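Q: here's my sequence, what's the structure:
(chains A and B)
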Protein chains: 2
Amino acid sequence: MIIADPRPLLAHQCVRFEDGLSLDCGVELRELTVAYRTYGRLNRDRTNAVLVCHALTGDQYVAETHPLTGKPGWWDAVVGPGKPVDTERFFVIAANVLGGCMGSTGPLSIRDDQRPESGRTLPWGTDFPPVTIRDMVRAQKRLIERLGIARLFSVLGGSMGGMQVLEWAALYPDCVFSAVPIAAAAYHTAQNIAFHEVGRQAIFADPDWEGGRYWEHGKVPARGLAVARMAAHITYLSEQALTRKFGRRLRSGPSLTLFDDLFEVESYLRHQGSTFVSRFDANSYLSITRAMDFFDLAAEHGGDLAHAFAGSRTRFCVISFSSDWLFPTAQSRAIARALNRAAANVSFVEVESDKGHDAFLLDEPAFHRTLSGFLSGSAAAAGL
Amino acid sequence: MIIADPRPLLAHQCVRFEDGLSLDCGVELRELTVAYRTYGRLNRDRTNAVLVCHALTGDQYVAETHPLTGKPGWWDAVVGPGKPVDTERFFVIAANVLGGCMGSTGPLSIRDDQRPESGRTLPWGTDFPPVTIRDMVRAQKRLIERLGIARLFSVLGGSMGGMQVLEWAALYPDCVFSAVPIAAAAYHTAQNIAFHEVGRQAIFADPDWEGGRYWEHGKVPARGLAVARMAAHITYLSEQALTRKFGRRLRSGPSLTLFDDLFEVESYLRHQGSTFVSRFDANSYLSITRAMDFFDLAAEHGGDLAHAFAGSRTRFCVISFSSDWLFPTAQSRAIARALNRAAANVSFVEVESDKGHDAFLLDEPAFHRTLSGFLSGSAAAAGL
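A: Below is the predicted model:
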């Protein structure tokens, strides 16, 4: 018996595209499934659709209870009635990315290159073809078309979600009225790649990794994946935030120990690692981190980021956070400058925050006001 | 057969103290060995001794070919004839820290709490008692006494070496004429602890960890230790340095791959990880990272760092590097301020560098000039 996914079986809302998808790597996926969720109502003119793109470990459960964790959606503070992305006004769509593990085609999907008569139904696992941010966006475009939407009022997202926003604006400029890349970058730096590589090596080092075929053995490389998550999680926060939350507070008395949690920050990190494992697939983690590492929008356009946005009529709002050291403000400023060089309509806001990269997920009023104001202004301009 | 240390057997120069050492944790080590090296000559008055304290993964081989790696000593650029720490002028001493794995008492040492008549010679391994930075300094003090030196002309070191410098000045103020903490901090922050914890969890996750008794099985948790080193190594550099050295350069063609090194920075990190394993012991790594995490000099002195230096007549030179985000300038400035509050003799220099925390190990002329100038001035003041 093959256990492809040890997590509880979930029936995700999804659409299936029988004609598959051509990937940047040259592989033709024969079958494409996109799992998605929507919030609010599409108006009669189909002009109020907002696509929310998720980050590395996010998914389509943006503004509702997550089916695996039972926790609120990851952008519950931002998307909903009366919230910055107001679902009484906008029709919000969120799709699990290609390569993901929440229902969209990815390493957990049954591979499509086997003859059906063989009766074998093996998941892709590590053989899942490498995907790019552009491939993810192409898959989302298919979903948007299927939903009967020719043009999105807005595309927005943070971190890897912001990479998708940039790619949407570059690839389908006429389909994007407004775009909000948040805590994003037009390419992954050497340091970003290095942190991802640490996570990948931690997964490879896990005895239950089994060369990536852990699903065949009913195993999960839980410890390696947890270490990967722990390392990544530090980069999502800031020194200030960690100091404010934990400082050097000890869990118990000041006795030295090698194995147990000594400091509260250690317990917190271990908890982050262990809970992540119960909701995420290791091969998916590898697939998506690689897609981020490979992202370099300027390189896709002759080496000049401005070329990616040449002639664009999209209205941009580029948002960064002052304490984000993973995708620092300088990266967002470079995007804004490229948009300026392309004579695009762009505003750029650095939100003061000590919460680090994760600020886009947290209760950050100045960020919410910025988002709300930009969407309202753009809605007026769009005649919504 | 018990293989305590799979590295080539080395005969380190060392002294043995039959009366052991009382540790902060309450354990009495019955036997203390301190492995050390010296460079230059002690003058007749025994007043020209300089103690160099090493960082987490350093050792006593400061200014000569390393016996395991065959590479130059880790501070070859700084210590030697005519160099900033001039061995034609100073008698330089460097000891492997307590808890280390290059000859000083540590997890690889044969445990001292077994009856000799049992004939068992088991190494401490994970049962090695937890040590503190203060314990390390106490062990060094014993060495200095054995060498017949009552007062050190200077104590200097970077990173964890700088922590030892601060502890020396606080614990033995009358034995330290001058002190140079470099790229150091008076305590480990929550973020520092978090990065160490990722490394420890990576080691624990290794199948060859064997609950810390890997030496009994002739194994080494090489993959986990390599991941720990990789994660730590990123924190020693800076985004600028990584970008300058590697940027997004690909190893081969721009083909996506999950397993192979795709970017040069990945190969570099993997190399850092794998070479580290051949020269360092995992239990030592745990022991020393814990000592760093536990370091909080102000907490040892009623919560006020200035109290640690009350009445000190030591001349201090506090040095930081502008791009160091592991032990940032703010930490060094806090040390300088505490020294000012204690009315100590202190100068503080932030060296402009884009090389990150590791700048203290690298060819950084402005740093070398600062060090050289301070030591010359102090030597004149000391009548050397």
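Q: start and end of stretch A:144-162, how far apart?
A: Separation of the first and last residues of stretch A:144-162 by CA to CA, to the nearest Å is 18 Å.
Q: ok, which stretches of chain A are helices?
A: For chain A, applying DSSP state H gives helices covering A:133-146, A:160-171, A:190-204, A:222-236, A:239-245, A:264-277, A:282-294, A:305-308, A:329-341, A:365-381.
Q: make TSV out of these and add distance to B:His301.
A: (Glycine included, C-beta is placed from N, CA and C.) Below are the helices of chain A laid out as TSV (distance: least, CB to CB, whole Å):
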stretch	distance to B:His301
helix A:133-146	52
helix A:160-171	46
helix A:190-204	36
helix A:222-236	29
helix A:239-245	20
helix A:264-277	23
helix A:282-294	44
helix A:305-308	53
helix A:329-341	38
helix A:365-381	40
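Q: next, format those helices as CSV and append mean pLDDT.
A: CSV is the format used below for these (pLDDT from 0 to 100):
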stretch, mean pLDDT
helix A:133-146, 98
helix A:160-171, 98
helix A:190-204, 96
helix A:222-236, 97
helix A:239-245, 95
helix A:264-277, 94
helix A:282-294, 96
helix A:305-308, 98
helix A:329-341, 98
helix A:365-381, 98
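Q: adding mean neighbour count, write those helices out as TSV.
A: Converted to TSV, the helices of chain A look like this (neighbours: other CB atoms under 10 Å in any protein chain shown):
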stretch	mean neighbour count
helix A:133-146	21
helix A:160-171	27
helix A:190-204	25
helix A:222-236	26
helix A:239-245	17
helix A:264-277	19
helix A:282-294	25
helix A:305-308	20
helix A:329-341	19
helix A:365-381	17
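Q: wait, which of those is closest to A:Thr105?
A: Smallest distance to A:Thr105 across the helices of chain A (CB to CB): 7.5 Å, for helix A:133-146.
Q: who's in contact with that closest one?
A: Helix A:133-146 is contacted by residues A:15, A:17, A:21, A:23-24, A:32, A:34, A:36, A:49, A:51, A:53, A:93, A:95, A:97-99, A:104-105, A:152, A:160, A:163-164, A:167-168, A:171-172, A:175, A:291-292, A:294-295, A:300 when judged by CB atoms under 8 Å, 6 or more residues apart in numbering or on different chains.
Q: ok, 6 Å please
A: Helix A:133-146 is contacted from outside by A:15, A:17, A:23-24, A:34, A:36, A:95, A:97-98, A:163-164, A:167-168, A:171, A:291, A:295, using CB atoms under 6 Å, 6 or more residues apart in numbering or on different chains.
Q: repeat that for stretch A:339-349.
A: Taking CB under 6 Å, 6+ apart as the rule, stretch A:339-349 contacts A:Ala306, A:Phe309, A:Ala310, A:Ser312, A:Arg315, A:Phe316, A:Cys317, A:Val318, A:Ile319, A:Ala336, A:Thr370.
Q: ok, now stretch A:39-59?
A: By CB under 6 Å, 6+ apart, stretch A:39-59 touches A:62-63, A:74, A:87, A:90-94, A:96, A:102, A:149, A:152-155, A:157-161, A:164-165, A:288, A:384.
Q: contact distance from chain B - what residues of chain A qualify?
A: A:25, A:130, A:190-191, A:193-194, A:197-198, A:201-202, A:205, A:207, A:223-224, A:227, A:230-231, A:234, A:239, A:242-243, A:246-247, A:256, A:258, A:263, A:265-266, A:269, A:286, A:290, A:294 (CB under 6 Å from any CB of the partner chain).
Q: give me the distance from stretch A:196-208 to the chain's centre.
A: Offset of stretch A:196-208 from its chain centre (CA atoms, centre = their mean, to the nearest Å): 20 Å.
Q: how near is A:Val351 to B:Asp174?
A: 52 Å (CB to CB, to the nearest Å).
Q: follow-up on the earlier one: what's the farthest-apart pair in the contacts of stretch A:339-349?
A: Most distant of the contacts of stretch A:339-349, by CB to CB, are A:Ala310 and A:Thr370, 26.5 Å apart.
Q: neighbour-wise, which of A:Val351 and B:Asp174 wins?
A: A:Val351 (24 against 10; other CB atoms under 10 Å in any protein chain shown).
Q: surely the more buried one and A:Pro365 touch.
A: No. Using CB atoms under 6 Å, A:Val351 is not in contact with A:Pro365, being 9.5 Å away.
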